[in-house]
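> Okay, here's the prediction I keep looking at, along with the sequence it came from:
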Amino acid sequence: MTSQDTLTFHPQTACFLAPYLPAVFPTSSTHPHPHPFTTLTYAASLDSHLSLSPGAQTYLSGPLSKSLTHYLRSRHSAILIGVSTAVADDPGLNSRLRGVDLEGQPRPIIIDPDFRWEFTRDSRVLKTAREGNGKAPYIIVNASNAAAVDEDRLRWLAEAGGRVFWMPELPSEPGPRSSSSSRSRWSWDQILGFIKSECKVDSLMIEGGGVVINSLLSSPGNLKLINSVVITIAPVYLGQGGVNVSPAAQTGESGQRVSAVKFKEVQWNVLGNDVVMVARPDV
Ligand SMILES: NC(=O)C1=CN([C@@H]2O[C@H](COP(=O)(O)OP(=O)(O)OC[C@H]3O[C@@H](n4cnc5c(N)ncnc54)[C@H](OP(=O)(O)O)[C@@H]3O)[C@@H](O)[C@H]2O)C=CC1
Ligand SMILES: Nc1nc(O)c(N)c(N[C@@H]2O[C@H](COP(=O)(O)O)[C@@H](O)[C@H]2O)n1
């Protein structure tokens, strides 16, 4: 890592985070939890956009909140993103905090049911791993695609120390898979259970993008899977047409609209020009 890539962060700046983080040494138990400790984290604009458009990487976090994200990365065993984020951002998905060694790096996990991310040997996450500055990615692919995947990408992954995990087939939906919104999805219970049992991950930071975050926020069942949220709000409007975080509307017992998601144990913290909310879903 070059010195200009290295971030500094004083954990005391963020002692507010401590109660919301996974345990450093998880205690063994006769009834181990079926899911990893899960933190949902992202940066959004004042109009709740993650990026200017689905294919555009957009820098929202200022230096202090970016360092906080890299501290969070160093405190989780893995980082999860949806495939469209990998395609749009060519991300590194490591912690660039000074002093974080390879063992302290999170494992990148990409949810890519159709193995459509056309990465190369030069994609950042693979280069980062080959250079020893991060771990190589695990890619979660629909098992029904096992016979058709291209060998080059499997080899590049393996060279860097990564691999594909084949998840049981997605439930099929009637009709053509014409747009991403009509596609079948694994349930989050299934994904998190798989990540714990097969990928051996105890703590997971979910970074995005919009499809991933909105689906996690869109049902009480999914919200129960989230232990903590860390949300950065940057002082900018991106304008209409961005990738928006806005969960599905919820209705109460008599059909009236109610708030979709509420939080408890909420703390707001100013970091530079940004504000960071840490909380837990109130479910
Ligand atoms: N500001 C921030 O903090 C962040 C911003 N971003 C931005 O977000 C944008 C990308 O977000 P978006 O386009 O919404 O896409 P996502 O990154 O959320 O990826 C969505 C895709 O991931 C796969 N996927 C997600 N969930 C499931 C599931 N449960 N089961 C099966 N497959 C699943 C699907 O792939 P398939 O379509 O192949 O079925 C789906 O279409 C980019 O512009 C990126 O820069 C991303 C992360 C953080
Ligand atoms: N916390 C945060 N702030 C932003 O402004 C962002 N754009 C993101 N994006 C997420 O971070 C990934 C990029 O990571 P690297 O710096 O390449 O390691 C990107 O893919 C999003 O997941 N996050």
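Yes, it's here. On a predicted model such as this, the values are computed, not experimentally measured, just so you know. Ligands and ions are numbered 1, 2, ... in the order given.

> tell me which parts of the stretch 101-250 of the chain are close to ligand 1?
With C-beta under 6 Å from any ligand atom as the criterion, the stretch 101-250 of the chain comes near ligand 1 at residues 111, 113-114, 116, 180, 183, 185-186, 191, 207-212, 215, 243. No exception for glycine: its C-beta is placed from N, CA and C like everyone else's.

> mind running it again at 8 Å?
Applying C-beta under 8 Å from any ligand atom, we find that the stretch 101-250 of the chain lies next to ligand 1 at 111-114, 116, 142, 170, 177, 180, 183-188, 191, 207-215, 232, 243.

> And the strands in the protein?
With DSSP state E as the criterion, the chain has strands at 37-44, 49-51, 78-82, 107-111, 138-142, 163-167, 203-208, 228-233, 243-244, 250-251, 257-258, 263-271, 274-281.

> Who are the packing partners of the second one?
Spelled out, that is strand 49-51. Applying 3 or more C-beta pairs under 8 Å, 6 or more residues apart in numbering; DSSP states H and E, one finds that strand 49-51 contacts strand 37-44, strand 243-244.

> Give me the distance from that strand to the chain's centre.
14 Å (C-alpha atoms, centre = their mean, to the nearest Å).

> Give the pairing partners of that strand; include direction for each.
Strand pairing for strand 49-51, determined by DSSP bridges: strand 243-244 (antiparallel).

> Now do the partner strand: distance to the chain's middle.
With C-alpha atoms, centre = their mean, you get 15 Å for strand 243-244.

> Indicate whether it makes contact with ligand 2.
No. Strand 243-244 lies out of reach of ligand 2 by C-beta under 8 Å from any ligand atom, never closer than 10.5 Å.

> again, but for stretch 120-132
Yes. Among the residues of stretch 120-132, R124 lie within reach of ligand 2 under C-beta under 8 Å from any ligand atom.

> Close to ligand 2: what parts of this structure are there?
Residues of the chain lying near ligand 2 (C-beta under 8 Å from any ligand atom): 41-43, 50-51, 57-61, 65-66, 69, 73, 79, 81, 85-86, 88-94, 96, 124, 207-209, 232, 234.

> residues near whatever residue of the stretch 101-250 of the chain ends up closest to ligand 2, how many?
Ligand 2 sits closest to E207 of the stretch 101-250 of the chain, with a gap of 3.8 Å, by C-beta to the nearest ligand atom. The burial count assigned to E207 is 24, neighbours taken as other C-beta atoms under 10 Å.

> mind listing what it touches?
By C-beta atoms under 8 Å, 6 or more residues apart in numbering, the contact list for E207 reads T41, Y42, I79, L80, I81, T85.

> How much space separates it from Y59?
E207 is 14 Å from Y59, where distance means C-beta to C-beta, to the nearest Å.

> And for F115?
For F115, the distance to Y59 equals 28 Å [C-beta to C-beta].

> More neighbours: which of the two?
Neighbour comparison, F115 and Y59: the larger count goes to F115, with 20 against 9 (by other C-beta under 10 Å).
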